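Engineer: Model the following, please.
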Amino acid sequence: MKVLNSYKGIMMSDYIVRATAANAQIRAFAATTRDLVETARKAHDTSPVVSAALGRLMTGGVMMGAMLKEDKDLLTLQVSGDGPLKGMTVTADSKGNVKGYANEPQVMLPPNGLGKLDVGGAVGQGLLRVIKDMGLKEPYVGQTVLQTGEIAEDLTYYFATSEQVPSSVGLGVLMEKDNTVKQAGGFIIQLMPFTDDQVIASLERNLAEFTSVTQVLDEGKTPEEMLGLLLKGLDLEITDTMPAQFYCNCDKKRVEKAIISIGKKDIQDMISDNKSIEVNCHFCNTSYTFSVEELKELLKKSR
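Structural biologist: All right, here's what the predicted structure looks like:
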């Protein structure tokens, strides 16, 4: 295995690894995301099954964000289902930043038939939408029907049908008994056009022997070592490593702009109530309070 570079020698807790294999016939990503999933769990006070569902979607999202080319490109994943979770939204950029929320953070369900957290049951049947905003007039929107609601299989299906890229996606979140996040991470492996049949057969063998993302991470293995198992015998080359984190770019100034944009009449109605207002960010659950005096200042700036 040849390592081409690392991220400025910084020790990272959560990070994404980019790699190629089989003479660039395969491209691969792997990530460890425990800290960012735990940050989301704390921010939204999610139940274990919601922590697992949102954690998987954020892990998939942060790796897909790493596929974006430009600094300002943004990726949004929206899952809408008829299960008690009702849906989730995750947004990621090209620099390893991700944020997300679940519509119903407190869902409790019994374990599934395998004794695991029933993510598929929480999500239910529905749709996955992938929105890529790449600075063009219109964003790219791909939509597929959820296959299992377990997220990894749904992303695998999306890549195959919407992007015509044969892929294998593995995602996992392991919870502690106290409901904090013990391990989280994942991988995305993609075949380039005209990949050799022999290479595909080797990859399929490795995937069949692979236990699970959370088991591998819980054994103390790194994302690099995870790819080493998945791409064994296929001349793995790590090409890049980048940190990953839960990051929300909301602040009071942004919220002020949003209030100004609703127009004079609505702001005047708020002022007439003679009470301060609280505006909550869906993504990080931060609340911003505006006094009547502050609202009067915003009224002057609105149209």
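
Engineer: from the middle of its chain, how far away would stretch 258-274 be?
Structural biologist: Between the centre of stretch 258-274 and the centre of its chain there are 34 Å (CA atoms, centre = their mean, to the nearest Å).

Engineer: My error: substitute stretch 267-275 in the last question.
Structural biologist: Offset of stretch 267-275 from its chain centre (CA atoms, centre = their mean): 38 Å.

Engineer: and it, what's its mean pLDDT?
Structural biologist: Here stretch 267-275 scores 89 as its mean pLDDT.

Engineer: Flag every buried residue along it.
Structural biologist: By 16 or more other CB atoms under 10 Å, the buried positions in stretch 267-275 come out as 267, 270, 271. C-beta: built from backbone N, CA, C; applies to glycine.

Engineer: Could you list which of these belong to strands?
Structural biologist: Using DSSP state E, no member of these falls in strands.

Engineer: What's the biggest strand in the chain, counting residues?
Structural biologist: strand 181-191.

Engineer: who does that strand pair up with?
Structural biologist: Sheet partners assigned to strand 181-191 using DSSP bridges are listed as strand 26-32 (antiparallel), strand 167-175 (antiparallel).

Engineer: where's the next helix or strand after the first one relative to the chain centroid, distance-wise?
Structural biologist: This means strand 26-32. Per DSSP states H and E, strand 26-32 leads on to helix 34-44 as the next helix or strand towards the C-terminus. Taking CA atoms, centre = their mean, the mean C-alpha location of helix 34-44 is offset from the chain mean by 12 Å.

Engineer: Can you list which of the buried residues of stretch 267-275 are found in helices?
Structural biologist: 267, 270, 271 (DSSP state H).

Engineer: wait, residue 161 sits on residue 144?
Structural biologist: Yes: under the criterion of CB atoms under 8 Å, residue 161 makes contact with residue 144 at 5.6 Å.

Engineer: about what we covered before: out of the strands paired with strand 181-191, which is closest to residue 230?
Structural biologist: Of all the strands paired with strand 181-191, strand 26-32 sits nearest to residue 230, with 7.2 Å by CB to CB.

Engineer: For the closest one, what does the pLDDT average out to?
Structural biologist: Average pLDDT, strand 26-32: 98.

Engineer: Check which residues of that strand are buried.
Structural biologist: So strand 26-32, judged by 16+ other CB under 10 Å, has buried residues 26, 27, 28, 29, 30, 31, 32.

Engineer: partner residues bridging the fifth one?
Structural biologist: Right, the one you point to is residue 30. residue 17, residue 187.

Engineer: Now do stretch 149-169, average pLDDT.
Structural biologist: 97.

Engineer: Quick one: end-to-end distance for that stretch.
Structural biologist: End-to-end distance of stretch 149-169 (CA to CA, to the nearest Å): 14 Å.

Engineer: Flag the helix or strand of this protein with the lowest per-element mean pLDDT.
Structural biologist: Across the helices and strands of the chain, mean pLDDT, DSSP states H and E gives its lowest value to strand 2-3, namely a mean of 40.

Engineer: hey, where'd the helices end up in the stretch 151-300 of the chain?
Structural biologist: 152-162, 197-209, 213-218, 223-230, 252-261, 264-272, 292-301 (DSSP state H, counting those that start in this stretch).
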